[in-house]
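Asker: mind folding the following:
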Amino acid sequence: MKNSDFIIPNWPAPTNVKALQTTRTGGISATPYKSLNFGGHVKDNAMHVAHNRQLLSQYLPSEPVWLNQVHGIHVVDAANTDCLPEADASFTTRKNVVCVTMTADCLPVLLCDEAGSVVAAVHAGWRGLCDGVIEAAVKQLPAKTANLMAWFGPAIGPNAFEVGSEVRAQFIAQDAQAEAAFKPHGDKWLGDIYQIATQRLNKLGVTKIYGGQENNQKFCTFTDKENFFSFRRDGDTGRMATLIWLA
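Answerer: Down below sits the predicted model:
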């Protein structure tokens with residue numbers, strides 16, 4: 001594993017806020033998990049996953065607080081939780097505690113405040129995003145929303161996230177402005193989860209939002225097979241990690 005295997009978030013976070021996004025390259029897992037898979041819950045060789053996590057550890061101040069993600073809205077304090085808690089977001093105000101979310105199409109969201117006093121990592125799959133996992137995470141942070149900023153990691157893009165009318169209806173039922181994030185695609189719809197997440201954050205008062213794209217092109221895990229895992233594309237596949245901590 002080398003630095004080029006990472007995406008370093010480009011956002012105006014305080015200097016003591018550290019973050020990184022892994023890609024699928026730099027590890028030892030075999031196909032279909034090739035190569036840098038961190039998901040212990042997929043069918044990858046457990047020793048390969050452990051080795052990949054060991055490779056990652058050289059870039060971190062401590063072992064990440066891995067979550068048992070269930071596409072819900074539960075949020076935990078990463079510094080005060082059991083091993084492998086069932087949750088889809090974590091936060092911390094303590095130094096050297098690493099919050100992490102794993103994804104392979106779902107949207108990873110990092111949060112911090114302008115004072116560098118709190119950070120969070122959120123797993124925003126479409127169910128969690130719809131049900132309010134971002135709102136639940138922001139509610140737990142001891143900072144005014146106007147002082148928060150967010151960074152989006154790679155997720156399935158707006159030209160690949162195809163859903164049925166029932167999924168679109170669920171989003172609109174939660175927030176009417178979500179209608180603008182869907183466009184018709186045959187008898188289905190294409191949804192922009194980056195746009196929906198932005199809408200939700202803006203509604204909370206969080207307007208400083210970064211990431212979600214590179215070279216003015218939105219990340220798309222589904223179409224960029226070289227760099228990203230995608231569950232929708234491949235089924236059996238690995239998981240990338242999005243990490244944040246206070247130094």
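Asker: could you find the closest non-adjacent residue to Phe229?
Answerer: Excluding its sequence neighbours, the residue lying closest to Phe229 (Cβ to Cβ, 6 or more residues apart in numbering) is Ala104, at 4.0 Å. Bear in mind the C-beta positions are built from the backbone N, C-alpha and C, glycine included.
Asker: Lys95 now?
Answerer: Leu246 (4.9 Å).
Asker: what sits against the one you found?
Answerer: Counting by Cβ atoms under 8 Å, 6 or more residues apart in numbering, Leu246 makes contact with 16-18, 92-97, 116-119.
Asker: switch to 10 Å and redo it
Answerer: Contact partners of Leu246, counting by Cβ atoms under 10 Å, 6 or more residues apart in numbering, are 14, 16-18, 61, 92-99, 112, 116-119.
Asker: look at the closest residue to Leu141 other than its chain neighbours and say how many residues are nearby.
Answerer: Sequence neighbours aside, Val118 is the residue nearest to Leu141 in space, at 5.2 Å (criterion: Cβ to Cβ, 6+ apart). Counted with other Cβ atoms under 10 Å, residues neighbouring Val118 total 20.
Asker: and Val118, how far is that from Gly191?
Answerer: Remark: distance between Val118 and Gly191 (Cβ to Cβ, to the nearest Å) = 30 Å.
Asker: in strands only, show me the contacts of Leu246.
Answerer: Judged by DSSP state E, strands contain the following of those: 17-18, 92, 99, 112, 119.
Asker: those residues: which two are farthest apart?
Answerer: Largest separation among these by Cβ to Cβ: Lys18 and Thr92, giving 12.1 Å.
Asker: without its sequence neighbours, what residue ends up closest to Ala143?
Answerer: In space, Ala143 is closest to Asp113, 3.8 Å off (Cβ to Cβ, 6+ apart).
Asker: cool, and Leu60?
Answerer: Nearest residue to Leu60, sequence neighbours excluded (Cβ to Cβ, 6+ apart): Val98, at 5.4 Å.
Asker: OK, contacts around that neighbour?
Answerer: Residues in contact with Val98 (Cβ under 10 Å, 6+ apart) are 18-19, 56-57, 60-66, 78, 90, 92, 119, 121, 241, 243-246.
Asker: please pick the buried ones from those.
Answerer: If you count burial by 16 or more other Cβ atoms under 10 Å, the buried members of those come out as 18-19, 56, 60, 64-66, 78, 90, 92, 119, 121, 241, 243-246.
Asker: other SSEs contacting the helix or strand bottoming out on mean pLDDT in the chain?
Answerer: When each helix and strand of the chain is scored by mean pLDDT, DSSP states H and E, strand 213-214 comes last, with a mean of 86. If you count contacts as 3 or more Cβ pairs under 10 Å, 6 or more residues apart in numbering; DSSP states H and E, strand 213-214 packs onto no helix or strand.
Asker: neighbouring strands for the helix or strand just after it, and are they parallel or not?
Answerer: Next along the chain after strand 213-214, taking DSSP states H and E as the criterion, comes strand 217-218. Sheet pairing of strand 217-218 (DSSP bridges) gives strand 213-214 (antiparallel).
Asker: so how far is the strand it pairs with from its chain's centroid?
Answerer: Distance of strand 213-214 from the chain centroid (Cα atoms, centre = their mean, to the nearest Å) equals 15 Å.
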